[in-house]
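Participant: build me a model:
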Amino acid sequence: MKNTAVRIIIKQEKKYILSLPVLVLKVSDIQLLQSGVPDNMLPHPHDSFISVLCHGYRIRIPFDDIIYVSRVADATIINTHTENYKTVHRVKEILEALPADKFFRIHRSHIIATAYLKDIRNDQIIINGHCLTISYYFKHQLLERLQSK
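Facilitator: Okay, the predicted model is just below:
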């Protein structure tokens, strides 16, 4: 399957879920979805997606596509290779749904994918051509983590 975000369409009468590209989930997955289980607790194919609400649609974004996450005003923006997704989820909620070994919080408003980290300069991080602020507290934690790898 190509690494792209997919939209989920719920068909109540047929008891299955379709997405683009076509992804058919089991009836047990649908029952979980309908029972109100938190979205980040839903089963993901190969544990490689985050599920977020974006413009009224439930979107699944592959972890590998996420470059960084930023909080801007009243929205959280998930920046990927192809698109930016605006969601109402808090940064903390998104951080909890992302794998800790691939992502790191650098500021109360920013999460980065460590694979795209290019440079650290004073209180700035260069990630895939974008400059983000890193807080003093998180900078020391990030440097310790990078040294331990």
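Participant: without its sequence neighbours, what residue ends up closest to residue 55?
Facilitator: Excluding the flanking residues, the one nearest residue 55 by Cβ to Cβ, 6 or more residues apart in numbering is residue 86, at 7.1 Å. All C-beta spots, glycine's among them, are computed from the backbone N, C-alpha and C.
Participant: can you pull up the bridge partners for the one you found?
Facilitator: Assessed by DSSP bridges, residue 86 has beta-bridge partners residue 77.
Participant: state the distance from it to residue 149.
Facilitator: Distance, residue 86 to residue 149, by Cβ to Cβ, to the nearest Å: 32 Å.
Participant: neighbour count: these two, which is higher?
Facilitator: Neighbour count, other Cβ atoms under 10 Å: between residue 86 and residue 149, residue 86 has more, with 13 against 6.
Participant: can you pull the contacts of that one?
Facilitator: Contact analysis of residue 86 by Cβ atoms under 8 Å, 6 or more residues apart in numbering lists 54, 55, 75, 76, 77.
Participant: if I look at the residue nearest to residue 80 when sequence neighbours are not counted, how far off is residue 136?
Facilitator: Distances taken as Cβ to Cβ, 6+ apart place residue 65 nearest to residue 80, at 4.3 Å, with adjacent residues excluded. Look at residue 65 and residue 136: by Cβ to Cβ, they are 30 Å apart.
Participant: returning to that earlier point: of the contacts of residue 86, buried ones?
Facilitator: For the contacts of residue 86, a neighbour count by 16 or more other Cβ atoms under 10 Å gives the buried set as 54, 76.
Participant: closest to residue 101 among the contacts of residue 86?
Facilitator: residue 76 (21.4 Å; Cβ to Cβ).
Participant: that older thread, mind putting the contacts of residue 86 into CSV with distance to residue 127?
Facilitator: As requested, the contacts of residue 86 are exported to CSV (distance: Cβ to Cβ, whole Å):
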residue, distance to residue 127
54, 21
55, 25
75, 20
76, 16
77, 14
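Participant: nearest to residue 105, of the contacts of residue 86?
Facilitator: Of the contacts of residue 86, the one sitting nearest to residue 105 (Cβ to Cβ) turns out to be residue 76, at 12.6 Å.
Participant: done for today, thanks.
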